[in-house]
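Engineer: give me coordinates for this.
(one chain, ligands or ions: 1)
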Amino acid sequence: MIEIHDVHKQFTSRTGAGLFKRGEKRTVHAVQGVSLNAADGRITGLLGANGAGKTTTLRMLAGLFAPDQGRIAVDGVTVQDDPLKALSRMGILGDAHGLYPRLSARENIIYFGRLQGMNADAANVRADELARLLEMKNILDRRADGFSQGERMKTALARALVHDPANIVLDEPTNGLDVLATRALREALRWLRSPEGGAKCIVFSTHIMQEVELLCDEVIVVSKGRSVARGSVPALLQQAGESRFEDAFVKLAFPEEAAA
Ligand SMILES: Nc1ncnc2c1ncn2[C@@H]1O[C@H](COP(=O)(O)OP(=O)(O)OP(=O)(O)O)[C@@H](O)[C@H]1O
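Structural biologist: Numbering: from 1, shown residues only. Below is the predicted model:
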């Protein structure tokens, strides 16, 4: 179970400047009130346009930096208080897959298992199991160097799942994947949500309406750093009074533009 309660995060950056002049300091309110409750055995989607604050929210969930305000808890463990314990309960697929190119897919997976405290034999058995689940047996013993985008994603996902975490967090997981790889990923996520697959709590971010319609039990609409609507796809359609999900999203995320 993942709970995010009213998190905020701002960054200070400099604007561009001339050759002899420093840029002005500028504050970016990347996240200014995002909340979600993601239950076990459910797929929860964080849906927002570019720059809405999805990645920043997921980075705080992953303990990469602390929120300025608000609380994030994984299975009741507050990330800010005990990041390592919270991290051990999550499998995280970030936006950069960062595999070790000289290692095979199997070695990449086992290495992460070792970092999670698994012994080498258990991690090796798990690598075979995950290769079956993610249909990547054909690449398991190939060096990651030269993998396609889809092969890299599968290896990175297997690596994130090696310790069989109860919670799975994915940032824009279908980015750059073709239709077959996207379908395979959807199937794997549905299996992981099912009781046989462990009834995992799955949270993923996306800006693709179709992904949300096909996968999510619960959707959090994020706009300009805030969560502005939540519910199932049918509930959001009803709330917006629309029959197409894209129209509902625009109405909920950008009410002023939709009214114009
Ligand atoms: N380290 C940073 N320094 C300054 N601004 C940042 C930083 N990280 C994010 N931002 C800004 O915060 C806002 C939210 O960014 P974020 O990456 O969280 O959005 P997103 O919803 O994931 O977008 P996308 O779908 O385009 O990846 C953007 O305006 C972004 O430029």
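
Engineer: in what helix or strand does the residue nearest the centre of the chain lie?
Structural biologist: Residue closest to the average C-alpha location in the chain (C-alpha atoms, centre = their mean): residue 170, at 2.3 Å. Residue 170 is located in strand 167-171, with elements delineated by DSSP states H and E.

Engineer: enumerate the residues of this protein near the ligand.
Structural biologist: With the criterion set to C-beta under 6 Å from any ligand atom, the chain comes near the ligand through 11, 13, 28, 30, 48, 50-56, 207. Backbone N, C-alpha and C define where each C-beta goes, glycine included.

Engineer: tell me the least confident of the residues you listed?
Structural biologist: Lowest pLDDT of these: residue 13, 81.

Engineer: what's the closest non-adjacent residue to that one?
Structural biologist: Spatial nearest neighbour of residue 13, excluding adjacent residues (C-beta to C-beta, 6 or more residues apart in numbering): residue 26 at 5.6 Å.

Engineer: pretty sure the one you found contacts residue 11?
Structural biologist: No: Residue 26 is beyond contact range of residue 11, at 9.0 Å (criterion: C-beta atoms under 8 Å).

Engineer: more neighbours: these two, which one.
Structural biologist: Set residue 26 next to residue 11 and count neighbours by other C-beta atoms under 10 Å: residue 11 wins out with 13 against 10.

Engineer: secondary structure class for the more buried one?
Structural biologist: With DSSP: H, G, I helix; E, B strand; the rest coil as the basis, residue 11 sits in strand.

Engineer: care to break this protein down by domain?
Structural biologist: Domain assignment for the chain, taken from automatic domain parsing, gives 2-89+166-259, 97-164.

Engineer: return the set of buried residues in stretch 170-189.
Structural biologist: Residues of stretch 170-189 classed as buried by neighbour count (16 or more other C-beta atoms under 10 Å): 170-174, 177, 181-182, 184-186, 188-189.

Engineer: and the end-to-end length of it?
Structural biologist: End-to-end distance of stretch 170-189: 10 Å, with C-alpha to C-alpha, to the nearest Å as the criterion.

Engineer: surely residue 188 touches residue 157?
Structural biologist: Yes: contact criterion C-beta under 8 Å: residue 188 and residue 157 qualify, at 7.4 Å.

Engineer: burial check on residue 5, number of neighbours?
Structural biologist: Burial of residue 5 is recorded as 15 neighbouring residues (other C-beta under 10 Å).

Engineer: in a strand, that's where it is, yeah?
Structural biologist: Yes: according to three-state DSSP, residue 5 belongs to a strand.

Engineer: CA atoms only for stretch 133-140, dumped as CSV, please.
Structural biologist: Presented in CSV, the C-alpha positions along stretch 133-140 are these (Å, rounded to 0.1, in the frame of the first residue of the first chain):
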residue,chain,number,x,y,z
LEU,A,133,6.9,-13.9,-16.7
LEU,A,134,8.3,-11.2,-18.9
GLU,A,135,9.0,-13.4,-21.9
MET,A,136,12.7,-12.6,-22.0
LYS,A,137,14.3,-16.1,-21.8
ASN,A,138,15.9,-15.5,-25.2
ILE,A,139,17.9,-12.5,-23.9
LEU,A,140,18.6,-13.7,-20.4
